[in-house]
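>>> need the 3D shape of this:
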Amino acid sequence: MGNVCVVTGGGSGMGLEAAKILGKEQKIILVGRTVSKLENAIVELKALGIDAEAYPGDASDRESMKKLAAYAASQGTVKTVIHAAGVSPHMADGEKIFKINAVGTINIDEEFAEVMEAGSCILNVSSMSAYMMPADRAPKQVYKMALSDVAAFEGAVNQIIAGVPEEQRPGMAYTMSKNFVVWYTAREAVKLGKKGIRVVSISPGTFKTPMGEVEGEQAASFALRGAMGRLGEPEEIAKMMAFMVSDECSYLCGVDVLYDGGSVAAMNAMMEDRAQ
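Numbering: from 1, shown residues only. Here you go, the predicted structure:
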């Protein structure tokens with residue numbers, strides 16, 4: 001048996017595009033909650049001659065991810081995990097957003113760490129929104145709870161989310177969840193690096209994906225006001241994701257790559273100019 005690449009949220013968008021690249025050398029297991037979307041993606045991959053299969057699963061369900069990790073390991077050497085599953089502020093309420101985006105990342109990373117070997121890589125997908133939470137406002141002490149008691153961590157975050165007006169909760173939960181993913185990736189990298197497992201993250205800006213369409217004009221406006229003045233193509237970030245998890249990046253570990261066409265740079269420049 002050969003190498004296996006697991007892609008969560010791989011039914012469409014950047015996850016599927018990454019699978020098209022990585023599937024040239026690894027067996028692909030696409031994971032998601034919508035079976036029909038996964039099945040359509042598998043047809044597309046198989047048409048390219050890629051060995052791929054669908055695995056229905058919910059990253060926010062720990063037991064589901066435990067079974068997924070065991071299954072993936074039974075299919076070969078789990079070389080790569082790309083955790084691209086997530087929801088935006090327009091897709092759920094605050095508590096659910098945080099559970100899927102943040103707790104889902106914990107579940108994926110911890111369960112796959114049990115079955116991966118030296119030379120493998122986990123890539124968590126964050127968001128440029130992670131950079132919109134000032135460093136001094138990120139609740140790092142609450143984040144640390146995730147390392148020892150996930151249930152207490154989730155409860156503490158839900159209290160924070162409940163403390164803002166209801167209409168602001170989805171946006172706050174999304175930003176905090178993605179900020180947490182960047183923080184957690186660094187901590188997991190420290191823990192797993194000695195085993196030879198690299199953990200990295202990528203923070204996309206606005207791309208021409210189904211999720212990008214759901215996020216609407218506000219998200220698009222960030223890209224249009226960004227340094228490059230356009231939305232990204234899914235193939236562009238897929239190539240970066242594939243490079244980051246490859247052996248060519250064997251010393252890349254514990255860092256986040258902000259891949260947003262200069263959107264955050266433009267926003268920061270504008271804020272600095274206004275402050276003068």
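
>>> residues contacting stretch 186-203, please?
For stretch 186-203, the external contacting residues (Cβ atoms under 8 Å, 6 or more residues apart in numbering) are 109, 113, 116-131, 147, 178, 181-182, 185, 237, 240-241, 244-245, 249-250, 252-260. Quick note: C-beta positions are derived from backbone N, CA and C, even for glycine.

>>> quick one, which of the residues you listed are buried?
Among the contacts of stretch 186-203, the ones that count as buried by 16 or more other Cβ atoms under 10 Å are 109, 113, 116, 120-131, 178, 181-182, 185, 237, 240-241, 244-245, 252-254, 256-260.

>>> how far does the helix of greatest length in the chain sit from the chain's center?
The longest helix of the chain (DSSP state H) is helix 169-192. Distance of helix 169-192 from the chain centroid (Cα atoms, centre = their mean, to the nearest Å) equals 10 Å.

>>> quick check: angle from whichever helix or strand comes after that helix to helix 169-192?
Counting by DSSP states H and E, the next helix or strand C-terminal to helix 169-192 is strand 198-204. Angle of strand 198-204 versus helix 169-192, following axes from the mean of the first three to the mean of the last three Cα atoms, to 10 degrees, is 160 degrees.

>>> pull strand 198-204 out as CSV, backbone CA atoms only.
The C-alpha coordinates for strand 198-204 follow below in CSV (Å, rounded to 0.1, in the frame of the first residue of the first chain):
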residue,chain,number,x,y,z
ARG,A,198,5.0,18.7,10.7
VAL,A,199,2.0,20.9,11.4
VAL,A,200,1.4,24.1,9.5
SER,A,201,-1.5,26.3,8.6
ILE,A,202,-2.6,28.5,5.8
SER,A,203,-4.9,31.6,6.0
PRO,A,204,-6.7,32.2,2.7
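
>>> partner strands of that strand, with direction?
The pairing partners recorded for strand 198-204 under DSSP bridges are strand 121-125 (parallel), strand 256-259 (parallel).

>>> with distance to residue 31 as added columns, please give these in a markdown table.
Conversion of these to a markdown table gives the following (distance: least, Cβ to Cβ, whole Å):
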| stretch | distance to residue 31 |
| --- | --- |
| strand 121-125 | 13 |
| strand 256-259 | 22 |
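
>>> do you know which of the ones you listed lies nearest residue 204?
Proximity to residue 204 (Cβ to Cβ) singles out strand 256-259 among the strands paired with strand 198-204, at 5.6 Å.

>>> low-confidence ranges, the stretch 151-276 of the chain, go.
Applying pLDDT under 70 to the stretch 151-276 of the chain flags the ranges 211-216.

>>> recalculate using a threshold of 90.
The model of the stretch 151-276 of the chain has pLDDT under 90 over residues 208-223, 226, 271, 274-276.

>>> residue 40 versus the closest residue to residue 262 other than its chain neighbours, what's the distance?
Once flanking residues are discounted, residue 262 sits nearest to residue 227: 2.4 Å by Cβ to Cβ, 6 or more residues apart in numbering. To residue 40, residue 227 is 35 Å away according to Cβ to Cβ, to the nearest Å.

>>> got it, and residue 161?
Distance, residue 161 to residue 40, by Cβ to Cβ: 34 Å.

>>> phi, psi for residue 233 please.
Main-chain dihedrals, residue 233, degrees, to the nearest 10: phi -90, psi 140.

>>> pull the contacting residues for it.
The contact partners of residue 233, by Cβ under 8 Å, 6+ apart, come to 207-208.

>>> ok, residue 98 next?
The neighbours of residue 98, taking Cβ under 8 Å, 6+ apart as the test, are 154, 157-158, 161, 173, 176-177.

>>> among those, the buried ones, what's the PyMOL command?
Selection of the buried residues among these in PyMOL, burial being defined by 16+ other Cβ under 10 Å:
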select buried, resi 154+157+158+161+173+176+177
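
>>> ok, which stretches of this protein are strands?
3-8, 27-32, 52-56, 77-83, 121-125, 198-204, 256-259 (DSSP state E).

>>> so the fourth one versus strand 3-8, what angle?
Strand 77-83 and strand 3-8 meet at an angle of 20 degrees, taking the same axes, to 10 degrees as the criterion.
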